[in-house]
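Student: Got a predicted structure here, sequence first:
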Amino acid sequence: MKLLASILTAWASVQVGMTMTVAFQPQPQPIRKRSSSSSSSSSQLHLKTYDASAVSGCKQVTVIGGTGFVGSKVCELLVAQGVDVTSVSKSGSYKSSVNDSSDDESWTSKVTWNAADLLTADESTIDAAIGSPNAIISCLGVIGNDSTILKQGNGDANCAAFASAAKSNKLNRAIYVSVSSEVVACQDSWLPEFFKGYFDGKAMAEACALDAVDGDSTKVCLVKPSFIYGGDKFGLIPPRVTSDYGSFIEELLSLGVFNFLADITPGLIKVALRAPSSVEAVAGACVDAALGDSDSSGKTLEGCVEINEASGQPPATGLTDAVEWVKEKTGEVVEFTKEEVIPKVLAKVEEIQKASKK
């Protein structure tokens, strides 16, 4: 119980810290393939199958923030579906870490990596970078402590991208990775005043996504996770936990008792008690909104359950895997004790008894 309490305390600290960290820009993040020895299935890739006509009808997709943590996974999933993918980011290039040198990243050669500063570039530069997509997926987000920068990075930058994508009149879907409504509800009483710029920017981007498809809400999908985990490294800026740890927390907080507690608790406590989403699930939900049937768009995906359902991800098994690992290791200890330790102890006792009789 002490171990469980420690894990939950650490998780709560990560969740609260996520909203209080210093400013950062999305950085290139590696897409890590899980080895066969890994126990957690939450981060394993589960590709949905789409009708060929649906894919052909959405042949070109532009991903905003495609070099980032979520965006790069979106690009990889789209390539796997045979879609022409263009990534637009400030850096313009995908860079994997040295820890991924053994992973297959051939998909990166099938993405067009374009660089554009959506806040400073002129319209023609932005238009050239974004192209004429059938769908646009924005994973662009900025956090920090300057309200103006927050509003510009989350609002103005995304609005410029959505407006550009709409110019070709080919745009059929607009997808945006926003923020959980329960996090938004914390802004008045739980968060510093400068976060108003963050939430105002997010609201602007959501409105611009709708404008990009002429106000047709059936062509817009908003993906709203509380916290996104993934990869094999912990991080502080931005806050991030590994796939194994995140999967453990996701399964744990998906239990009925924690859902009940989250429902009745306020503010950031509620947020900390909500199950997080894997990066694969968030990316998969974005891809489904772009390539799926009409029911896949025109909705807001709030939280882990809805995001997992849309992406086709199975429930997390991190907690179950951890319990099985403990049982396995306990069994190994018992067997070792029976086969190695006890015989040696008995032999030593017998040796001592014989020596004492002499």
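Tutor: Nice, I can see it. Numbers count the residues shown, from 1 in each chain.
Student: check contacts around Val74.
Tutor: Residues in contact with Val74 (CB atoms under 8 Å, 6 or more residues apart in numbering) are 63, 66, 137, 139, 283, 286-287. Any C-beta I mention is one placed from the backbone N, CA and C, and that applies to glycine too.
Student: With Ala290 instead?
Tutor: Neighbours of Ala290 in contact, by CB under 8 Å, 6+ apart: 58, 61, 78, 135, 137, 173, 175, 297.
Student: just checking, which of the residues you listed belong to helices?
Tutor: Judged by DSSP state H, helices contain the following of the contacts of Ala290: Leu78.
Student: show me where pLDDT drops low in the stretch 1-150 of the chain?
Tutor: 1-45, 53-54, 56, 96-103 (pLDDT under 70).
Student: Where do the strands of it begin and end?
Tutor: 60-64, 84-89, 111-115, 135-138 (DSSP state E, counting those that start in this stretch).
Student: And the stretch 251-358 of the chain, by the same measure?
Tutor: Using DSSP E, counting those that start in this stretch, the strands of the stretch 251-358 of the chain run over residues 277-278, 299-302.
Student: out of these, deepest packed?
Tutor: Of all the strands of the stretch 251-358 of the chain, strand 277-278 has the most neighbours on average by mean count of other CB atoms under 10 Å, namely a mean of 31.
Student: how about the residue nearest in space to the middle of the chain, what does it touch?
Tutor: The residue lying closest to the centre of the chain (CA atoms, centre = their mean) is Val279, at 2.6 Å. Residues counted as contacts of Val279 (CB under 8 Å, 6+ apart) are 43, 69-70, 73, 228-231.
Student: for Asp288, same thing?
Tutor: Contact analysis of Asp288 by CB under 8 Å, 6+ apart lists 48, 296, 310-312.
Student: Ala212 against Ala160, yeah?
Tutor: No: Ala212 lies out of contact with Ala160 (CB atoms under 8 Å); the separation is 11.0 Å.
Student: Same drill for those two, tell me which one is more crowded.
Tutor: Using other CB atoms under 10 Å as the criterion, Ala212 and Ala160 rank with Ala212 on top: 25 against 21.
Student: ok, now which ones touch the more buried one?
Tutor: By CB under 8 Å, 6+ apart, the contact set of Ala212 is 136, 162-163, 165-166, 171, 174.
Student: surely Lys219 meets Ala289?
Tutor: No: Lys219 is beyond contact range of Ala289, at 9.5 Å (criterion: CB under 8 Å).
Student: circling back to that earlier point, could the contacts of Val279 go into TSV alongside neighbour count and distance to Lys90?
Tutor: Output for the contacts of Val279, formatted as TSV (neighbours: other CB atoms under 10 Å; distance: CB to CB, whole Å):
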residue	neighbour count	distance to Lys90
Ser43	25	27
Phe69	25	15
Val70	27	16
Lys73	30	18
Ile228	25	20
Tyr229	31	24
Gly230	28	22
Gly231	22	21
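Student: tell me the domain boundaries of the protein?
Tutor: The record's domain split for the chain, according to automatic domain parsing, is 2-316, 317-358.
Student: Apart from its neighbours in sequence, what residue is nearest Gly284?
Tutor: Spatially, and ignoring its direct neighbours in sequence, Gly284 is nearest to Ser311 (2.9 Å; CB to CB, 6 or more residues apart in numbering).
Student: quick one: pLDDT of the one you found?
Tutor: For Ser311, the pLDDT comes out at 92.
Student: State the number of residues packed around it.
Tutor: When neighbours are defined as other CB under 10 Å, Ser311 has 26 of them.
Student: Any stretches of the stretch 251-358 of the chain with poor pLDDT?
Tutor: For the stretch 251-358 of the chain, the stretches with pLDDT under 70 are 294, 357-358.
Student: again, only using 50
Tutor: By pLDDT under 50, the stretch 251-358 of the chain has no low-scoring segment.
Student: that older thread, looking at the contacts of Ala212, which are in helices?
Tutor: 162-163, 165-166.
Student: Redo those as TSV? Include pLDDT, neighbour count and distance to Val323.
Tutor: Formatted as TSV, the ones in helices among the contacts of Ala212 follow (pLDDT from 0 to 100; neighbours: other CB atoms under 10 Å; distance: CB to CB, whole Å):
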residue	pLDDT	neighbour count	distance to Val323
Phe162	98	25	45
Ala163	98	16	50
Ala165	97	28	46
Ala166	97	20	50
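Student: wait, which of those is closest to Gly318?
Tutor: Looking at these and their distance to Gly318, the nearest is Phe162, at 35.7 Å (CB to CB).
Student: Report the contact partners of that closest one.
Tutor: By CB under 8 Å, 6+ apart, the contact set of Phe162 is 136, 138, 174, 205, 208-209, 211-212.
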